[in-house]
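> The following comprises the amino acid sequence and a computationally predicted model.
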Amino acid sequence: MEIAPAPPPVAGAAAAADRLPEHIWEKIFSLLPVSSLVVSRSVCRGWNRAIRSETFSSFYIAATPARGDQIDDVFFLLFADLESSAPFAAAYQPSLDRWVPLPLSRFSRGGFSCGLRRVHASGGALVLAEEDETSLLVCDLFSGRAWEIAPMISSHGQSYALGLIDEGASEYQIVAVATIDRVFSQVFKSTIGAWSFKGQFWAICCSSGVEEAGDISKIVIWELNVGEKSWKAFGSMPEELLQEFRGHRMNHFYIIDRRGLVCFCNTSSYLPLMCDLRRMQWWWPRHCPFKIPMNVQTWFGHALEPQIGVPR
């Protein structure tokens, strides 16, 4: 019987890794989530050099489709303490079923620091927030960087941010809408640094719950067929989970989603419930260990992912 040779010691493995061409490591690392890259940088000098190289950032962005729907880096920032001397958000990581504190200290902008006043929308690693009533900031909560963008175009009614689109590409867009009897939209493009009108369209309304005597008795998940402009039922919250989720009474609930993961949160008890739509699996997150009250004042409600080469 042939006996396999013993694996090389750690030091020998690191030396062997150093001898591989850097472009090979770049290709391997481009398929890993950001959380794995952070750990990989400390393994050996060659890995650290490859990940920190000037070319890797653009290479990693280009490989985004190849990484598919990885959920390792998805964090749900559910509650935040913005008033303390060391503000932070309680971030839930579904892939490991754990809570981590994400510091929300003052952000660096053009050599000055600014605070987080109100977050309107999020996408990727970025959030759109207010510095004051007239200034809009785009912030990277993981790196602590922020930059001001142009104000929205005055339009019919009050405009509000509907979403921030940042999928790790070399640019991002922000969609804002104003509603009267129709929906008027405008889009901010980072490539030109300005807002532009995108026309108007009819709203496609969908009720995701069933009410009895003003109380929600069923929660249904719907799927939108964009081509037909119609909704169809995709699934529903199991009855036994719904009973515990709603408690004594529930009039409203929040929904946050990212990469097929959905967090439901009761606005009365602020009890979170997770669902993986890809497998239709439901679970209760473990108890949040941080001393932070869970109420309307601390509700943050955004899902983010750390990224490499975040655009500005």
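Arrived safely.
> which non-adjacent residue is nearest Ile165?
Leaving aside its chain neighbours, Ile165 sits nearest to Gln173 (4.6 Å; criterion: Cβ to Cβ, 6 or more residues apart in numbering). Any C-beta I mention is one placed from the backbone N, CA and C, and that applies to glycine too.
> Let me see the contact set for the one you found.
Residues counted as contacts of Gln173 (Cβ atoms under 8 Å, 6 or more residues apart in numbering) are 164-165, 187-190.
> quick one: the helices in the stretch 1-150 of the chain?
With DSSP state H, counting those that start in this stretch as the criterion, the stretch 1-150 of the chain has helices at 10-19, 22-29, 34-40, 45-51, 54-62, 64-67.
> so which of those helices is the most packed in?
Across the helices of the stretch 1-150 of the chain, the average number of neighbours (mean count of other Cβ atoms under 10 Å) peaks for helix 45-51, which reaches a mean of 18.
> pLDDT of that one, averaged?
Averaging pLDDT along helix 45-51 gives 78.
> doesn't Ser35 make contact with Asp73?
Yes: using Cβ atoms under 8 Å, Asp73 makes contact with Ser35 at a distance of 5.5 Å.
> can you tell me which of the helices of the stretch 1-150 of the chain the model trusts least?
For the helices of the stretch 1-150 of the chain, the weakest mean pLDDT is recorded on helix 10-19, namely a mean of 56.
> Pop the domain breakdown of the protein in here.
Split into domains by automatic domain parsing, the chain comes to 10-67, 104-204.
> Tell me where the model's unsure across the stretch 51-200 of the chain.
Residue ranges of the stretch 51-200 of the chain with pLDDT under 70: 106-117, 132-133, 156-157, 167-170, 180-182.
> Go again with 50.
For the stretch 51-200 of the chain, no stretch has pLDDT under 50.
> Can you list the strands that the strand ranked longest in the chain pairs with?
Using DSSP state E, we find that the single longest strand of the chain is strand 215-225. Take DSSP bridges as the rule and strand 215-225 pairs in its sheet with strand 209-212 (antiparallel), strand 230-236 (antiparallel).
> Could I get the average pLDDT for the first one?
Think strand 209-212. pLDDT averaged over strand 209-212 gives 56.
> Would you mind measuring from the residue nearest to Tyr172 when sequence neighbours are not counted to Arg278?
Leaving aside its sequence neighbours, Tyr172 sits nearest to Asp166 (Cβ to Cβ, 6+ apart; 4.0 Å). Using Cβ to Cβ, to the nearest Å, Asp166 is found at 22 Å from Arg278.
> ok, those two, which is more surrounded?
Neighbours per residue, other Cβ atoms under 10 Å: of Asp166 and Arg278, the larger number sits with Asp166, 24 against 11.
> Could you check how far the more buried one is from Ala303?
12 Å.
> Tyr60 now?
Distance of Tyr60 to Ala303, computed by Cβ to Cβ: 21 Å.
> which residue ranges form the helices in the stretch 151-300 of the chain?
Using DSSP H, counting those that start in this stretch, helices in the stretch 151-300 of the chain cover 239-246.
> one step back: including distance to Glu244, could the helices of the stretch 1-150 of the chain go into a markdown table?
Output for the helices of the stretch 1-150 of the chain, formatted as a markdown table (distance: least, Cβ to Cβ, whole Å):
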| stretch | distance to Glu244 |
| --- | --- |
| helix 10-19 | 47 |
| helix 22-29 | 42 |
| helix 34-40 | 31 |
| helix 45-51 | 44 |
| helix 54-62 | 41 |
| helix 64-67 | 35 |
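> so which of those comes closest to Met274?
With Cβ to Cβ as the measure, helix 34-40 is the member of the helices of the stretch 1-150 of the chain nearest Met274 (18.6 Å).
> Out of the domains of the chain, which gets nearest to Leu241?
domain 104-204 (26.3 Å).
> Please name the residues that touch Tyr172.
By Cβ under 8 Å, 6+ apart, the residues touching Tyr172 are 123-124, 126, 138, 164-166, 190, 311.
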